[in-house]
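>>> attaching a predicted model along with its sequence, questions to come.
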Amino acid sequence: MHRCVVEAPLSEGCLVTLNKEESAHCAKVLRLRTGDAVQLLDGENLHMGTLAAVSDSACTVEVGERCPSPEAPCKAVLWQGLPKADKLELIAQKGTELGMWELWPVEMTRSIAKADKGGKDEKKRERLSRIALEAAKQSGRAHVPEIAPTRSLNAALRDAQAAAFDLILVAWEEEHALPLSKAVAAYTESHGAPERVMLVIGPEGGISPEEKARLDEIGAQSVTLGKRILRTETAGLCALAALWTALGEM
């Protein structure tokens, strides 16, 4: 079933008008007709909907009942050491499919890429947000992950500490004893299932010892993702999958 994005909160029984892009897609590409069923996504919830009027420029949909949420109870934020080239696009897309709640690109000591300044960073963020939106539609998400502005290490550490995560898990190449899944299981056994988890992934060059020490200072825990060496764009996705498996979501 096709999912349409709307730009306002939804309530059952109301009529909403799709934007021009969504309307054209429904009318011209999918060739939907009045009475056809669609799903509506407002960024936080999914609703059933029925097309009340169809045109290339403005389709109207009657909002139906809210669908059961496909979202995990735990909100997983991915701290991604700023990678080079277009790897962040892959991470935004696949991380959304895997249930990521928010993406924090962070410029770290060993980042080959450097943060764009001013308008260039905002344009890149807008593109990543569009990628996340399309991935949310494709994968049936109710929540569209926020793509945060690129942070410095200092800002990321400060914001992570202020956010009061239940767990901050650092994929650290020198950690060999504690798998991520076991760290999550140990927390769950003693505290109950976590509600907010941050997964910290370094850039291509990894996390420096100095950065690791500073993460330790805010209560981060080192974990391993296994015996194999993963690329930075793979590691975060692996960490998300391991988290959901440990929490019974996969």
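Structure's in. What do you need?
>>> hey, let's count contacts and neighbours off CA atoms from now on
OK.
>>> now do Ala160 against Val29, distance only.
Relative to Val29, Ala160 is positioned 43 Å away (C-alpha to C-alpha, to the nearest Å).
>>> compare those two (neighbour count), which wins?
It is Ala160, of Ala160 and Val29, that has more neighbours when counted by other C-alpha atoms under 10 Å, with 18 against 10.
>>> and that one, how close does it get to Val184?
From Ala160 over to Val184 the distance is 18 Å, taken as C-alpha to C-alpha.
>>> contact partners for the one residue sitting closest to the centre of the chain?
With distances taken as C-alpha atoms, centre = their mean, Met100 lies nearest the centre of the chain, 3.1 Å away. Remark: with contacts taken as C-alpha atoms under 8 Å, 6 or more residues apart in numbering, Met100 is in contact with Lys75, Ala76, Val77, Leu78, Pro145, Leu240.
>>> can you put the residues you listed in a markdown table and add distance to Ala220, secondary structure and pLDDT?
Compiled in a markdown table, the contacts of Met100 are given as follows (distance: C-alpha to C-alpha, whole Å; DSSP: H, G, I helix; E, B strand; the rest coil; pLDDT from 0 to 100):
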| residue | distance to Ala220 | secondary structure | pLDDT |
| --- | --- | --- | --- |
| Lys75 | 17 | strand | 97 |
| Ala76 | 15 | strand | 98 |
| Val77 | 14 | strand | 98 |
| Leu78 | 14 | strand | 98 |
| Pro145 | 23 | coil | 95 |
| Leu240 | 17 | helix | 98 |
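>>> quick one: the strands in this structure?
Secondary structure of the chain (DSSP state E): strands at 3-5, 15-17, 37-41, 46-53, 60-66, 75-81, 102-107, 146-147, 151-152, 167-171, 196-201, 221-223.
>>> would you reformat those strands as TSV and include mean neighbour count and distance to Ser190?
What follows is the strands of the chain, written out as TSV (neighbours: other C-alpha atoms under 10 Å; distance: least, C-alpha to C-alpha, whole Å):
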stretch	mean neighbour count	distance to Ser190
strand 3-5	21	40
strand 15-17	19	46
strand 37-41	23	36
strand 46-53	21	34
strand 60-66	20	34
strand 75-81	24	19
strand 102-107	24	26
strand 146-147	20	30
strand 151-152	18	33
strand 167-171	23	13
strand 196-201	23	16
strand 221-223	23	16
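>>> which one of these lies nearest to Lys123?
Shortest distance between Lys123 and the strands of the chain, using C-alpha to C-alpha, is found for strand 146-147: 11.8 Å.
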